[in-house]
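Novice: 3D model of this:
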Amino acid sequence: MASNYTFRVAVSLAVALLAGVMWTVDIFWGALCTALLPIVLYWQQKLYRHHVRKVLFMLDAIENNDNAIHFSETENTADARLVNRALNRVAHILYNVKSETAQQEKYYELILDCVNTGILVLNDNGAVYQKNSEALRLLGLNVFTHVSQLNRIDPRLSSLLANCRPGDKLQMPFNNERGTVNMSVRVSDITVRKEHLRILALNDINNELDEKEIDSWIRLTRVLTHEIMNAVTPITSLSDTLLELTEAQASKEEIRNGLQTISSTGKGLLSFVESYRKFTRIPTPEPSLFYVKSFIERMVELARHQHPNVRATFHTDIAPNDLILYADENLISQVVINLLKNAMQAIESDKNTDKEGHINIHAYCNEAETILIEISNNGPAIPNDIAEHIFIPFFTTKEGGSGIGLSISRQIMRLSGGNLSLLPGKETTFILKFN
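Specialist: Sure thing, here's the model as predicted:
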């Protein structure tokens, strides 16, 4: 009974009432009963503090994720049992709320990791509160806790993200170990727990820009080839007919020579235009599974056969050894052969005749399960002012070159769901990326 709340309240009221009565009867007994009041109140407060300690103990256990906490519901007094049952219910409810909140946070993190847009949440000091795997991939980082870490990649990028403000729409190209990224940034903000946070949406728009550029060139090429073919075809046909009519007329030798010139020029122009029509007539890829190792070995042998006089040593590294690629093998072979041909020509053009050429081919699968094939050579590096234009159709620095090899190669990779890019560095390195 000592812990019964009702009993203690009754005793406290009785002592207070008795003290009031005794003051009217006898001063001594009134003073004595009044002196007992603090003791009775302390006795009452002790029970209150006992229950408060239980509540604090329960809150500490929940904060430390201790879901084994349980108060006895079989104590002697009904009041104690009632309080313990109430505390157990509250502990159960709070633990469930905390568990559901943690599950929702995990759920939202999984959703963020599934989107193709990089998401960064920064405070005004540049600390990273949240990021998804796509943001880490775009930035080329495995661990990212503060924007200052971007200084080792590109100080301009670090400054851009640190100083961007809500409503900004920014764009900036930069290079990381995975290649060139042309990144767009959209900024919004939110206030959480009285702290201002910025939400950054990151996207690599290289593919988007490449597709728009290539589509524009394709449309232009189709128009040009159509118009030229329509104009030249009747000219060459008429020239051939007139040549036949004038073959027996020696007195018209000048006419015959002129018609021959028209005919040969027209046929040359037709051949010239036909080579460019290939750029707009790449067949739809028909992908299948094939081993990268045996494929690369065939490409190397073909390159050696086509350029037997070039002093070049091939080094291949396929990891894993049984790496499999799902793509159109015939179309991808055109891309690889073109890159190997360019590498051989670069080595052949090197004026340092004592230098032996090296062509390295490295195929591997990265953390995102993307297959990449890197083809590099130690020939003369491509100047920066030229590197910006090498994928533009009809752009060439080679005498007699058509300027469509790399354009067609990038178009094939785009149609195959991948990309072809030039990696900046001392050696000329092209990367075939298969998503």
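Novice: low pLDDT regions in this protein?
Specialist: The model of the chain has pLDDT under 70 over residues 1-51, 62, 75-79, 107-108, 176-179, 205-259, 261-266, 268-281, 352-354, 393-403.
Novice: mind giving me the domain split of it?
Specialist: The record's domain parsing of the chain by the TED database lists 1-99, 111-206, 208-280, 288-434.
Novice: Between the two ends of the last one, how far is it?
Specialist: Pointing back at domain 288-434 there. End-to-end distance of domain 288-434: 13 Å, with Cα to Cα, to the nearest Å as the criterion.
Novice: so Ile361 sits in a strand?
Specialist: Yes - assigned with DSSP: H, G, I helix; E, B strand; the rest coil, Ile361 falls within a strand.
Novice: hang on, it packs against Val300?
Specialist: Yes - using Cβ atoms under 8 Å, Ile361 is in contact with Val300, at 7.4 Å. Backbone N, C-alpha and C define where each C-beta goes, glycine included.
Novice: Please enumerate the shared neighbours of these two.
Specialist: 314, 316 (Cβ atoms under 8 Å, 6 or more residues apart in numbering).
Novice: Pick out whichever of these two has more residues nearby.
Specialist: Ile361 (22 against 17; other Cβ atoms under 10 Å).
Novice: Compute the distance between that one and Glu374, please.
Specialist: 7 Å (Cβ to Cβ, to the nearest Å).
Novice: Kindly report the same for Phe71.
Specialist: 65 Å.
Novice: same deal with Glu301?
Specialist: In terms of Cβ to Cβ, Glu301 sits 19 Å off from Glu374.
Novice: okay, the two: which has more neighbours?
Specialist: Glu374 (17 against 11).
Novice: How about the secondary structure of the more buried one?
Specialist: Looking at Glu374 with three-state DSSP, the answer is strand.
Novice: can you give me the strands for the stretch 251-400 of the chain?
Specialist: 288-291, 312-319, 324-327, 357-365, 371-377 (DSSP state E, counting those that start in this stretch).
Novice: Would you mind getting the angle between the fourth one and strand 312-319?
Specialist: It stands for strand 357-365. 10 degrees (axes from the mean of the first three to the mean of the last three Cα atoms, to 10 degrees).
Novice: Just the C-alphas of strand 357-365, formatted as PDB.
Specialist: C-alpha atoms of strand 357-365 as PDB (Å, rounded to 0.1, in the frame of the first residue of the first chain):
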ATOM      1  CA  GLY A 357      54.400   3.000 -81.400                       C
ATOM      2  CA  HIS A 358      52.100   1.600 -78.700                       C
ATOM      3  CA  ILE A 359      48.400   1.100 -79.000                       C
ATOM      4  CA  ASN A 360      46.700   0.100 -75.700                       C
ATOM      5  CA  ILE A 361      43.200  -1.400 -75.500                       C
ATOM      6  CA  HIS A 362      41.600  -1.700 -72.100                       C
ATOM      7  CA  ALA A 363      38.100  -3.100 -71.700                       C
ATOM      8  CA  TYR A 364      36.400  -3.300 -68.300                       C
ATOM      9  CA  CYS A 365      33.200  -3.000 -66.300                       C
END
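Novice: what sits up against it?
Specialist: 292-293, 296, 300, 310-320, 323, 340, 343-344, 347-348, 350, 371-379.
Novice: Now the longest strand along the chain: buried residues?
Specialist: With secondary structure taken from DSSP state E, the chain has its longest strand at strand 179-192. Of the residues in strand 179-192, 179-183, 185-187 count as buried by neighbour count, 16 or more other Cβ atoms under 10 Å.
Novice: again, but for stretch 331-342
Specialist: Buried, per 16+ other Cβ under 10 Å, within stretch 331-342: 331-332, 335-340, 342.
Novice: Okay, and which of these map to helices?
Specialist: Residues of these located in helices (DSSP state H): 331-332, 335-340, 342.
Novice: need these in JSON lines with distance to Thr117, can you?
Specialist: Formatted as JSON lines, those follow (distance: Cβ to Cβ, whole Å):
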{"residue": "Leu331", "distance to Thr117": "30"}
{"residue": "Ile332", "distance to Thr117": "29"}
{"residue": "Val335", "distance to Thr117": "29"}
{"residue": "Val336", "distance to Thr117": "32"}
{"residue": "Ile337", "distance to Thr117": "36"}
{"residue": "Asn338", "distance to Thr117": "33"}
{"residue": "Leu339", "distance to Thr117": "31"}
{"residue": "Leu340", "distance to Thr117": "36"}
{"residue": "Asn342", "distance to Thr117": "35"}
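Novice: just curious, which of the residues you listed is nearest to Asp113?
Specialist: Ile332 (29.7 Å; Cβ to Cβ).
Novice: about what we covered before: out of the ones in helices among the buried residues of stretch 331-342, which one sits closest to Ser99?
Specialist: Closest to Ser99 out of these is Ile332 (49.7 Å), distances taken as Cβ to Cβ.
Novice: who's in contact with the closest one?
Specialist: Counted by Cβ under 8 Å, 6+ apart, Ile332 has contacts 295, 325, 412, 416, 432.
Novice: Please pick the buried ones from those residues.
Specialist: Counted by 16+ other Cβ under 10 Å, the contacts of Ile332 give 295, 325, 412, 416, 432 as buried.
Novice: Many thanks, have a good one.
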